[in-house]
Structure formats: structure tokens, C-alpha cells
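have a look at this fold, sequence not included:
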């Protein structure tokens, strides 16, 4: 089965999770993230703004601000399929962009280079224990992560963890996985 079929299947599976279960799962994931040394040691968090059925990231951003952490969010650069991150201090610095993603308003924010981001929270749909992920398509994060020098983590429901899928040469694994059950370090490749 190819990545597109796996992606579609997981989207259907995630849509079937009821609101009560979704909120309970998000709360557990967030608590596991906030209790981790990954979070505690990070000063600048890189994170996307969730949309649709994605796991909520707004609460994570709000918690970061309360704790005095800095937050940056990506802007998609379509021509090169790159991501540029910009620091936000308010949700008013965001707008709908490419594919209705919520992105920073460039002239109201300051660009942050990859070296300045301590912890990157990487979105995805399907994951292996080795940290490989199938995202939403386009390869934006794989391009960004290729040279990213700091810690990477993804938040996922344990149902999003699979034994394997076809890994390609450009796929970049995350270092840590956080589920509703807890935090795990990705297995060595």
C-alpha cells in the first residue's frame, strides 16, 4: 500500500474518534509533553497551528506563552516547498494561507532561523517506532528537518503508530514520539 492510501485510511480512522475521546487524548498528550525534559529545557518552540481533525496545538502555544517560552510557526514557501518559521506573540499575528493553513503574517512577525528553535513539534498522520512519519503530503517538513540541528518530537494517538511503511531516502525521522500513553525515544535506524 502506498503513502497516499495509508494517509487516506488514517484520516478516516482519526475522523471516527469521538469528541470526548479526542479531548481526553489531547489532554494526555499535552500533559506528557509538558512533563518532559524536552519541553522544560526548550526556550523556543516550533509548532504548526492545527486545523480540522489535527490534534489541538493552540493549547500548547498558550501554555508556552504562560511559561515565558517563545513560539514560532511555519510559513509555507510553495515554489521551493520550504518552511520559514516566524515568532508569534499573539494569535492576531496569523492568517489563513496556502491550503487554508493558519500561517504567520510575515510583516507582523520576525523570522527565526532553524538554529534558534530548541524544540520542533512535527505534525504527521502515521508513524513508526523509528520516528519515520507520513505527513500531509508535499515533503515540506522533510526538507526542513534535513538540516535541523535540535530536538524533534511528534504528538500522536497510539493508533497512529504502525509497524512499518515504505520509507524513502528523503524521509527524515523525528527523535521522540509522544502519545496519550507517554513519551518514547524513536528506535535507532
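Thanks, I have the structure now. Everything quoted here is computed from the prediction, not taken from an experiment.

other SSEs contacting the longest helix along the chain?
Ranked by number of residues, the top helix in the chain under DSSP state H is helix 19-35. Helices and strands touching helix 19-35, by 3 or more Cβ pairs under 8 Å, 6 or more residues apart in numbering; DSSP states H and E, are helix 58-66, strand 151-155, strand 176-178. Every residue, glycine included, has its C-beta placed from N, CA and C.

which one, of the ones you listed, ends up nearest to residue 112?
helix 58-66 (13.7 Å; Cβ to Cβ).

buried ones in the closest one?
Neighbour counts over helix 58-66 (16 or more other Cβ atoms under 10 Å) mark 60, 61, 63, 64 as buried.

rebuild those as CSV, extending it with pLDDT and distance to residue 40.
Output for the buried residues of helix 58-66, formatted as CSV (pLDDT from 0 to 100; distance: Cβ to Cβ, whole Å):
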residue, pLDDT, distance to residue 40
60, 98, 14
61, 98, 17
63, 98, 12
64, 98, 12
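
tell me which two in those residues are the farthest apart.
Going by Cβ to Cβ, the pair spanning the buried residues of helix 58-66 furthest: 61 and 63, at 7.3 Å.

from the contact counts, what lies against the helix or strand of the chain with the lowest mean pLDDT?
Least confident helix or strand, the chain: helix 3-15 with a mean of 83, by mean pLDDT, DSSP states H and E. Taking 3+ Cβ pairs under 8 Å, 6+ apart as contact, the helices and strands that helix 3-15 lies on are strand 126-127, strand 133-134.

identify whichever of the ones you listed lies nearest to residue 98.
Going by Cβ to Cβ, the one of these nearest residue 98 is strand 133-134, 19.6 Å.

which secondary structure elements does that closest one contact?
Using 3+ Cβ pairs under 8 Å, 6+ apart: strand 133-134 touches helix 3-15, strand 126-127.

which SSE is immediately downstream of it?
helix 140-145 (DSSP states H and E).

avg pLDDT for that next one?
The average pLDDT within helix 140-145 is 92.

the chain should start at 765 in everything you say after this.
Let's use 765 as the start, then, which means that last one is helix 904-909.

please compute how far it lies from its chain's middle.
Mean C-alpha position of helix 904-909 versus that of the full chain (Cα atoms, centre = their mean, to the nearest Å) differs by 11 Å.

next: stretch 933-944.
Using Cα atoms, centre = their mean, the offset of stretch 933-944 from its chain centre is 10 Å.

state the three-state secondary structure for residue 838.
The three-state label given to residue 838 by DSSP: H, G, I helix; E, B strand; the rest coil is strand.
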